[in-house]
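Peer 1: This is the structure alone, sequence omitted:
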């Protein structure tokens, strides 16, 4: 279990900054607290997931397919779940890359610019499709 401290006014601040391209600062100018980071991550997650239909359309276009919105509630719900799983996998993968930078191990496996496709089917099965900047790709157990 991870404790959450949510404050409406702070969330509104995050959303306003994200919407208008403004810099986001910690509440206390000296440091980012865990609570602040989780709050910002949540606001960013909402902003990303609210673009779900656009993400699906872009993915279908890249694959040369037509993206048609499903008419059934069951299919729309399944599509939404796929989008959320993929976003979670992408966030986790970026977290892993960031950890490799912190541990000074990033350059062993990746170039300065990395482009991959990341998806997650269900809770465990993740796929990384390297496009650019991968000297080697980490196995699913490593991220």
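Peer 2: Yes, it's here. Just so you know, these numbers come straight off a predicted model, no measurement behind them.
Peer 1: So in this protein, where's the weakest helix or strand by average pLDDT?
Peer 2: Here the helix or strand of the chain ranked lowest by mean pLDDT, DSSP states H and E is helix 52-62, holding a mean of 66.
Peer 1: Kindly tell me how buried residue 36 is, as a neighbour count.
Peer 2: Residues near residue 36, counting by other Cβ atoms under 10 Å, number 18. To be clear about C-beta, it is placed using only N, CA and C from the backbone, and glycine gets the same treatment.
Peer 1: Wasn't it part of a helix?
Peer 2: Yes: counting by DSSP: H, G, I helix; E, B strand; the rest coil, residue 36 is found in a helix.
Peer 1: any idea how far residue 43 is from it?
Peer 2: Residue 36 is 11 Å from residue 43, where distance means Cβ to Cβ, to the nearest Å.
Peer 1: gap between stretch 96-112 and the chain center?
Peer 2: Remark: stretch 96-112 is offset 18 Å from the chain centroid, using Cα atoms, centre = their mean, to the nearest Å.
Peer 1: where do the helices sit along the chain?
Peer 2: 8-20, 34-49, 52-62, 73-102, 106-109 (DSSP state H).
Peer 1: could I get these as a markdown table with distance to residue 131?
Peer 2: Listed next are the helices of the chain as a markdown table, based on distance: least, Cβ to Cβ, whole Å:
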| stretch | distance to residue 131 |
| --- | --- |
| helix 8-20 | 26 |
| helix 34-49 | 20 |
| helix 52-62 | 10 |
| helix 73-102 | 13 |
| helix 106-109 | 15 |
